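In: sequence plus the predicted model coming up.
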Amino acid sequence: MSKNFQAIVIGAGPAGSSAALTMARAGLDVALVERGSFPGEKNMFGGVLHRMPSLEKIFPDFWERAPLERHIIKKGVTFMTGDSSFSTTIEAGNFDQPPYNGYTIFRPSFDRWLAEEAVAAGATLITRATVEDLIRKDGKIAGVTIQGRSGQLNAPVVVAADGVLSFTAQKAGLRRPVFDPAQMAVGVKALIDMPREMIDERFGLVRDQGFANEFVGCTEGVRGGGFLYTNYDSLSLGLVFHLASLRTSGKSPCDLLNAFAEQPQVAKMIRGGVFREYSAHLIPEGGYDMIPELVGDGIIVAGDAAALCNATGMNLEGINLASHSGVIAGEAVIAAHQSADFSRSGLVAYKKLLEESYVIKDLKQFRKAPHMLHNNRIYQEYPELMCSFMENIYKIDGAPKGNVTRQFLKAAKEKVGLGNLVADGFSAWRSL
Ligand SMILES: Cc1cc2nc3c(=O)[nH]c(=O)nc-3n(C[C@H](O)[C@H](O)[C@H](O)COP(=O)(O)OP(=O)(O)OC[C@H]3O[C@@H](n4cnc5c(N)ncnc54)[C@H](O)[C@@H]3O)c2cc1C
């Protein structure tokens, strides 16, 4: 059986549900098509939801309504070698008052909630429905077919929000058929149950406060890093690797995650916890240079499907960018309905609004960061340099203390080489 809608959104992740919500609130008849048995069922991520200006505009009480875990008041980074580590932590008073700077969340509950908000606004959610193909009419995308179901869903415009591998964007000819492994990362995560009081005590937290820590030097030389985030009564512990580097190493993500969990500094943090589940997912980390064509005739691409993910090495922003692009996609479809023009030029408002938003501005600002992060020294030699330099600073053994700058340069010469230090410093300065 065929059904007609005014718009179809493929994928009920943060990008898709934000698009459907925006269109449904404007009175459009929208189908939100999701392959999972409920939105979020198949979705995972590291764990920190950053500020969401677009959704905060739609729901001024967003932070009270959304299913959230702890708000992040402490952010840290730990440089590790086999037996030493050096950490820096920022605990900001400003992060401990609303509007909070970020929350830990679980995707199954968050994505489900956001999709339900779209349904409450009037969208039709169709679950257990994997979009198989795009329908074309007069050279324009005009609907979709669903795997294993007869008939089709028709609409003058489709929003492809089907995530990083977006077969829809590929089928529409908007992205290259083959991904460059140098632009992709893979993340693995273990969820570790731990009593709430133990988490509070161990990480120095009270009330609903949370801690987010990143790790460098914990991936056995594979380009990547680790994370540990506190939920109410569990920890999210994981690693993210550049796909090309992981492939060359021949190592398995699972073995690397187990080794990470056994490193003394990490083992202390998770002691007493019970491993509950593992998950893994790809991340589009190529930044601005990875963005495909954003609009075609009858189609808009949003979220990870459009590679709108900002991995700068300091933060990983994905959900906020996905949601913002979804809202803008929704606004562009509303405008296209007003002018009854669903061609590429009728939908171009999406591209323009996105370019004016922080999404593209930030991706442009950090355009060189993905290249800078391909420097292998960041993942082994620099953590060694940080740890050995700090160890020397704090070592008091009766020997005369040398000049600190000279000590640093001596350690830098040994660990990375002075030429590399200058070149890497310049590259970091240009990228960040
Ligand atoms: C390990 C890891 C850690 C991360 N950490 C963070 C973090 O801390 N903070 C942050 O902001 N971001 C983080 N991200 C990135 C973030 O998860 C993504 O950027 C974000 O989920 C993108 O949202 P989206 O809606 O575009 O895509 P997705 O969340 O991937 O949603 C796509 C949806 O489409 C559905 N779908 C796919 N194909 C079809 C089809 N053919 N038919 C129907 N439905 C389909 C899927 O089931 C899914 O529901 C992380 C990612 C990973 C993997």
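Out: That came in fine, so what should we check first?

In: leaving out sequence neighbours, find the closest residue to Asp29.
Out: Gln6 (4.6 Å; C-beta to C-beta, 6 or more residues apart in numbering). Every C-beta, even on glycine, is put in place using the N, C-alpha and C of the backbone.

In: ramachandran coordinates for the one you found?
Out: Main-chain dihedrals, Gln6, degrees, to the nearest 10: phi -90, psi -20.

In: ok, which stretches of the stretch 201-350 of the chain are strands?
Out: 209-216, 224-230, 234-242, 274-284, 295-296, 299-301, 310-311, 316-317 (DSSP state E, counting those that start in this stretch).

In: for Ala24, list the residues it contacts.
Out: 30, 118, 121-123 (C-beta atoms under 8 Å, 6 or more residues apart in numbering).

In: and the gap between it and Ser166?
Out: 22 Å (C-beta to C-beta, to the nearest Å).

In: for Ser234, which non-adjacent residue is spatially closest?
Out: Asp193 (5.1 Å).

In: oh, I was asking about Pro98
Out: Trp63 (6.7 Å).

In: what comes up buried for whichever strand or helix holds that neighbour?
Out: Trp63 belongs to helix 62-65 when assigned by DSSP states H and E. For helix 62-65, a neighbour-count test (16 or more other C-beta atoms under 10 Å) marks 62-63 as buried.

In: that one packs against which elements?
Out: If you count contacts as 3 or more C-beta pairs under 8 Å, 6 or more residues apart in numbering; DSSP states H and E, helix 62-65 packs onto helix 53-58.

In: about what we covered before: off-centre distance for the helix holding Trp63?
Out: Centroid separation for helix 62-65 versus its chain: 21 Å, with C-alpha atoms, centre = their mean, to the nearest Å.

In: longest single helix anywhere in this protein?
Out: Longest helix in the chain by number of residues (criterion: DSSP state H): helix 319-339.

In: buried stuff in it?
Out: 319-337.

In: quick one on the thing from earlier: how many neighbours does the residue nearest to Ser234 have?
Out: Residues lying near Asp193 (other C-beta atoms under 10 Å) number 14.

In: with Ala26 instead?
Out: Using other C-beta under 10 Å: Ala26 sits among 18 other residues.

In: then Ile126?
Out: 18.

In: okay, and the beta partners of it?
Out: Per DSSP bridges, the residues bridged to Ile126 are Val33.

In: quick one: contacts for it?
Out: Applying C-beta under 8 Å, 6+ apart, the residues contacting Ile126 are 31-34, 146, 153.

In: which ones are touching Lys42?
Out: 35-36.

In: meant to ask about Phe215, not that
Out: Phe215 sits next to 77-80, 225-228, 260, 266 when contact means C-beta under 8 Å, 6+ apart.

In: fine, thanks again, bye for now.
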